[in-house]
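**Student:** Just the structure for this:
(one chain, ligands or ions: 1)
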Amino acid sequence: MTKIVAIDGPAGSGKSSVAKALAKALGFLHVDTGAIYRSVAYEALQQDVSLDDEQALAKIALGLQEINPSPEIRSEQVSQAASKVSQYPAVRTNLLELQRRFGRASKTGAVLEGRDIGTVVFPDAEYKFFVTASAEERAKRRFLELESKSIKTTYEDVLKEQDERDKRDETRSVSPLIPAQDAVLVDTTGMSLDEVVRKIKQMVIGS
Ligand code: DC
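**Tutor:** Coordinates of the predicted model:
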């Protein structure tokens, strides 16, 4: 049986870097489920499908076979669109099978990162972690990342947009961003990536 490691958490928590490094350290497959929502959003923008049209978006979700490899799915426009697209129950339902198929694709194991892996996609996952950090630290990391890409913004704007996205993700009616009851909370504030990966790997291997 494929071992499933669920890594959930808010934007900027560092979960992507953690999930990637952890998968490598364990020899597991890494599945970025945010990229799946981004692929749907990108396709909707390409096809001029309205982001208010739940049924049309659900149809795109159902037809999705793979993650769009284009770096454009990381743009701010696609980020905002993905956040909207992910609100719709029909879209989420239609992406469940794909996420489960990706997760089971490896014989050894998979590390899946997202918002609802431990609560909805793989509620029976062997290992569940909820990775987070203070809002200020998350905004600081995001601001530095954008700055390194020469994207003009201010720390205050990043913090404000992050608060809006967090609120939307936490309060949506389906699959809100909340830790699974049996998830281990990992607060990465003040911790290096190496420290976080070592800590989580220890819990997976040592158990
Ligand atoms: O992790 P990310 O920022 O790439 O995710 C993009 C959007 O997709 C984000 O606004 C939340 C949503 N998402 C989700 O609702 N459920 C997931 N399992 C993964 C992402």
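**Student:** quick one: the strands in the chain?
**Tutor:** With strands called from DSSP state E, the chain shows them at 3-8, 29-32, 109-114, 127-132, 184-187.
**Student:** Export those strands as a markdown table, with columns for mean pLDDT and distance to residue 71.
**Tutor:** (Each C-beta comes from the backbone N, C-alpha and C, glycine too.) Below are the strands of the chain laid out as a markdown table (pLDDT from 0 to 100; distance: least, C-beta to C-beta, whole Å):
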| stretch | mean pLDDT | distance to residue 71 |
| --- | --- | --- |
| strand 3-8 | 96 | 22 |
| strand 29-32 | 97 | 13 |
| strand 109-114 | 97 | 18 |
| strand 127-132 | 96 | 24 |
| strand 184-187 | 95 | 28 |
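**Student:** Now render those strands as TSV, adding mean neighbour count and distance to residue 143.
**Tutor:** Below are the strands of the chain laid out as TSV (neighbours: other C-beta atoms under 10 Å; distance: least, C-beta to C-beta, whole Å):
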stretch	mean neighbour count	distance to residue 143
strand 3-8	26	23
strand 29-32	20	22
strand 109-114	25	21
strand 127-132	24	18
strand 184-187	15	20
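**Student:** Ok, which of the ones you listed comes nearest the ligand?
**Tutor:** The ligand sits nearest to strand 109-114 of all the strands of the chain, at 2.6 Å, using C-beta to the nearest ligand atom.
**Student:** May I have the strands that pair with the closest one, each with its orientation?
**Tutor:** Applying DSSP bridges, strand 109-114 is found paired with strand 3-8 (parallel), strand 29-32 (parallel).
**Student:** Skip the chain neighbours and tell me the closest residue to residue 76.
**Tutor:** residue 151 (7.8 Å; C-beta to C-beta, 6 or more residues apart in numbering).
**Student:** what number of residues lie near that neighbour?
**Tutor:** If you count neighbours by other C-beta atoms under 10 Å, residue 151 ends up with 11.
**Student:** That one and residue 160: what is the separation?
**Tutor:** For residue 151, the distance to residue 160 equals 16 Å [C-beta to C-beta, to the nearest Å].
**Student:** same thing with residue 136?
**Tutor:** 12 Å.
**Student:** State the pLDDT value of residue 58.
**Tutor:** Predicted confidence (pLDDT) for residue 58: 98.
**Student:** And residue 190, how close does it get to the ligand?
**Tutor:** Applying C-beta to the nearest ligand atom, to the nearest Å, the value for residue 190 to the ligand is 22 Å.
**Student:** Look up phi and psi at that residue.
**Tutor:** Note on residue 190: backbone dihedrals following degrees, to the nearest 10 are phi 80, psi 0.
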